[in-house]
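Participant: give the three-dimensional model of this entry:
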Amino acid sequence: MTVTVNNKTPLVVPPAIRRQAGLKSGQEIEFKVSGGVISIHPKLPTADGEYTAEQRRLIDAQLADGLADVDAGRVHGPFSTHKEFIASLHKEAKKLSRNKTKRSA
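Facilitator: Numbers count the residues shown, from 1 in each chain. Next up is the predicted model:
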């Protein structure tokens, strides 16, 4: 489909093209220009709108703790097979059961 650009009226995307692209009424879109080509993309939601500031701080703190564990080598794997993974789980379970102390009744 072809439309003519006119300085007096805004550029309009024909309804048939909007339907083919899956654009809905009221949806935000982004325009990107590269080498004389204009691309129109649906604007993706940001994670900032999904969580409160307090929830985001908690998530960021937990991610930082996890990355610190990785940096310190407190991780297991990678495993080549599921059997290696299960053997590792059994090994860790044995360590935990050895460290358990009996409680008096």
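Participant: I'd like the next helix or strand past the strand or helix carrying D65.
Facilitator: Assessed by DSSP states H and E, D65 sits inside helix 53-71. Counting by DSSP H and E, the next helix or strand C-terminal to helix 53-71 is helix 82-99.
Participant: quick one: average pLDDT of that next one?
Facilitator: Averaging pLDDT along helix 82-99 gives 89.
Participant: pull the residues that contact it.
Facilitator: With contacts defined as C-beta atoms under 8 Å, 6 or more residues apart in numbering, helix 82-99 is touched by 76-77, 79. C-beta: built from backbone N, CA, C; applies to glycine.
Participant: gap between that helix and the chain center?
Facilitator: 31 Å (C-alpha atoms, centre = their mean, to the nearest Å).
Participant: distance between the ends of stretch 63-82?
Facilitator: Distance across stretch 63-82, first residue to last, is 26 Å (C-alpha to C-alpha, to the nearest Å).
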